[in-house]
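Visitor: could you work out the structure for the sequence below:
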Amino acid sequence: MTGLIPCAIHLFGLFFIPESPRWLAKTGRRKDFEEALQKLRGENADISQETAEIQEYIETLERLPKAKFLDMFERRYARSVIIGVGLMVGKQLGGINGISFYASNILEQAGFSAALGTILYAIIQVVVTGLIATVIDKTGRKPLLLVSATGLVIGSLLIAISFYLKVHVLALESVPCLAAAGIFLFIAAFSAGMGAIPWVVMSEIFPINIKGVAGGLATLVNWSGAWIVSYTFNYLMGWNSYGTFVIYAGVNALTIVFITMVVPETKGRTLEEIHEAINNFPEQRVSTSVDLLVYEACNDIVESLISLERKSFKEKKGKKKRKYGIEPGDVGKDSAETVLMDQTAHVKKLRTTLYLLKTLRTQPQLSRTS
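Guide: A predicted model of the protein is given here:
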């Protein structure tokens, strides 16, 4: 019955969560979108530029086909998916569920009081999670992830050393302290970063058109990893107690490398800036500049065409008026005015195409063939 209390609090809190401004913009609720964004940024904040950027971004995505599951594996989304899925893999395969579910058994085998250990475990988890929630936007996501993963490595190694000493009957008096210290450090480090921040990063890195399917994939990987660790923990402990935690330490060490090399810092950046930074691979940066130059040059051509057509229309209209004595409103459908209207429509289509070129310039195959 006590388990119903957190669920009830969670359900009650859902009524106070505001809608996402970008979702409101996507569904065409402009007024609600602006109100939600203003509420998030503060009453005195100037949201005009951000509003325009979000609208522009949404309009571009609306021109694209609806995202399917296989679309996530296209080159332009590859890095976003790798980051989201990679963080979930590192989070779960680092051993959190094995240590969390069997903490009392681990402490008992090491000779530490299971009752005292589980109480301290829960206190540390709650306190550290609360503290980190207050500083995550000041310190940034990536530093906390690196500190967290480093703590997981050290905690795993401490537990491994305690079991190694026990198995080889060495310094038995230090075994309980080492095991307890390792578990408490492990849960503190996990709560400081790898527990919650992968979910935060996942909500920021996926473009809105694949957010649903990509988020679903990352969640599936997360809980699949949780099941794997929970299922295999007892088998690994039966095979080699200290070797189990050495494996977890190795996985967490690889997670440090992954975070350092792949995961970007998202603090203080809009979602549009994050997506642009993530999708600009090193080999695409030169082609991106070329695409921008092409866009600017083509836009200049469009402006010139419009200017020439207007000038041409005025001249033709003036000649007709002088020659036949007709007023501008009398010009027929086949006149220069109709031609100009048709050409203006084509120009608008060209502008839309050029805008898509600017926005979707992260397609590497386009730059290679151009």
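Visitor: quick one: distance of stretch 117-133 to the chain centre.
Guide: Distance of stretch 117-133 from its chain centroid, counting by CA atoms, centre = their mean, to the nearest Å, is 26 Å.
Visitor: let's see it as CSV, backbone CA atoms only.
Guide: What follows is stretch 117-133, C-alpha atoms only, in CSV (Å, rounded to 0.1, in the frame of the first residue of the first chain):
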residue,chain,number,x,y,z
GLY,A,117,23.5,-0.2,5.1
THR,A,118,20.1,0.0,3.2
ILE,A,119,19.0,2.9,5.4
LEU,A,120,22.2,4.8,4.6
TYR,A,121,21.9,3.8,1.0
ALA,A,122,18.4,5.4,0.7
ILE,A,123,19.4,8.6,2.6
ILE,A,124,22.4,9.1,0.3
GLN,A,125,20.4,8.6,-2.8
VAL,A,126,17.7,11.1,-1.8
VAL,A,127,20.1,13.8,-0.5
VAL,A,128,22.5,13.7,-3.5
THR,A,129,19.6,13.7,-6.1
GLY,A,130,18.1,16.8,-4.4
LEU,A,131,21.4,18.6,-4.3
ILE,A,132,22.2,17.9,-7.9
ALA,A,133,18.8,19.1,-9.1
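Visitor: any chance you could list what contacts it?
Guide: By CB atoms under 8 Å, 6 or more residues apart in numbering, the surrounding residues in contact with stretch 117-133 are 103-104, 107, 144, 180, 183-184, 187-188, 191-193, 195-196. Where C-beta positions appear, they are placed from N, C-alpha and C, glycine not excepted.
Visitor: what comes up buried for that stretch?
Guide: 117, 120-121, 124-125, 128-129, 132 (16 or more other CB atoms under 10 Å).
Visitor: ok, of those residues, which one's closest to Glu56?
Guide: Closest to Glu56 out of the buried residues of stretch 117-133 is Ile132 (34.5 Å), distances taken as CB to CB.
Visitor: and of the contacts of stretch 117-133, the nearest to Pro207?
Guide: Within the contacts of stretch 117-133, proximity to Pro207 (CB to CB) peaks at Ala196, which comes in at 22.3 Å.
Visitor: list the contacts of the closest one.
Guide: Per CB under 8 Å, 6+ apart, neighbours of Ala196: 129, 132-133.
Visitor: closest one of the residues you listed to Glu43?
Guide: Checking those against Glu43 with CB to CB, the nearest one is Ala133 at 23.5 Å.
Visitor: pLDDT wise, what is that closest one at?
Guide: With respect to pLDDT, Ala133 scores 85.
Visitor: distance check, it against His10.
Guide: Ala133 sits 16 Å away from His10, going by CB to CB, to the nearest Å.
Visitor: for Glu265, same thing?
Guide: Distance of Glu265 to His10, computed by CB to CB: 30 Å.
Visitor: then Trp23?
Guide: 21 Å.
Visitor: neighbour count: the two, which is higher?
Guide: Higher neighbour count among Trp23 and His10: Trp23, with 15 against 9, using other CB atoms under 10 Å.
Visitor: sec struct for the residue lying closest to the more buried one once chain neighbours are set aside, please.
Guide: Counting by CB to CB, 6 or more residues apart in numbering, the nearest residue to Trp23 once its immediate chain neighbours are dropped is Ile208, at 7.8 Å. When classified by DSSP: H, G, I helix; E, B strand; the rest coil, Ile208 comes out as coil.
Visitor: and what of Arg269?
Guide: coil.
Visitor: got a list of what it touches?
Guide: The contact partners of Arg269, by CB under 8 Å, 6+ apart, come to Ala277.
Visitor: kind regards, and thank you for your time.
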